[in-house]
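A.B. asks: Sequence plus the predicted model coming up.
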Amino acid sequence: MKKKLNSLIAVLLIITISSCSSSKKIPATTSALTGSWQLSSITTEGVNNRIKTEILDEADFNCFIGSLWHFNRRDNKGYYRISKNGTECAAVRRNINWSLQDEAGIPKMLRYTRADANYKNFSDSTAGHQFTLLSLDKTSMQLKNEVSVAGKPAVLTYNFIRN
């Protein structure tokens, strides 16, 4: 009888610990994404590398090179900052709300919407932007999205390094 009671207690303890720990688990990709990243380059497929077009409803393609992106996993808020570059690029700091879609059988997706100073989504960006997460480790990240450039489909690959 004592042996059965001990076994039952052990099983209940294991179930309790398992259920508690799984509800607090943070996906590894969310944890790895947290922090500051610098966009080191953008590669293109389907168009010439020297494109002159606005991307992400914000600025010219080339203005994003060198931009700083920050992701906070506690509240899924962050920002990106574009530096002033002569007359080509205006200095911009844009707050964002972001999320990761991490479902089995579906490529991991990073989504964000632009936000105001209080992190309320702008009405002009409710659709937001979506990227396929190609790779993510401690020092680098690669995102991809499909866009239209001069009416032609193109794929942009964003290459980040941890800042």
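C.D. replies: Sure thing, it's come through. Numbering: from 1, shown residues only.
A.B. asks: In this structure, what helix or strand scores lowest on average pLDDT?
C.D. replies: Sorted by mean pLDDT, DSSP states H and E, the helices and strands of the chain end with helix 2-23, the least confident at a mean of 47.
A.B. asks: Helix or strand next in line after that one, which one?
C.D. replies: Sequence order places helix 28-33 as the next helix or strand after helix 2-23, per DSSP states H and E.
A.B. asks: Give me the contacts around that following helix.
C.D. replies: Outside of helix 28-33, the residues that reach it under the criterion CB atoms under 8 Å, 6 or more residues apart in numbering are 71, 73, 100, 102, 108, 110, 133, 136, 137, 138, 141. Yep, even glycine has a C-beta here, placed from its N, CA and C like the rest.
A.B. asks: any idea how far the residue nearest the centre of the chain is from residue 103?
C.D. replies: The chain has residue 110 as the residue nearest its centroid, 4.1 Å off, counting by CA atoms, centre = their mean. When CB to CB, to the nearest Å is applied, the distance between residue 110 and residue 103 equals 13 Å.
A.B. asks: Ok, residue 112 next?
C.D. replies: In this structure, residue 112 and residue 103 are separated by 18 Å, where distance is defined by CB to CB.
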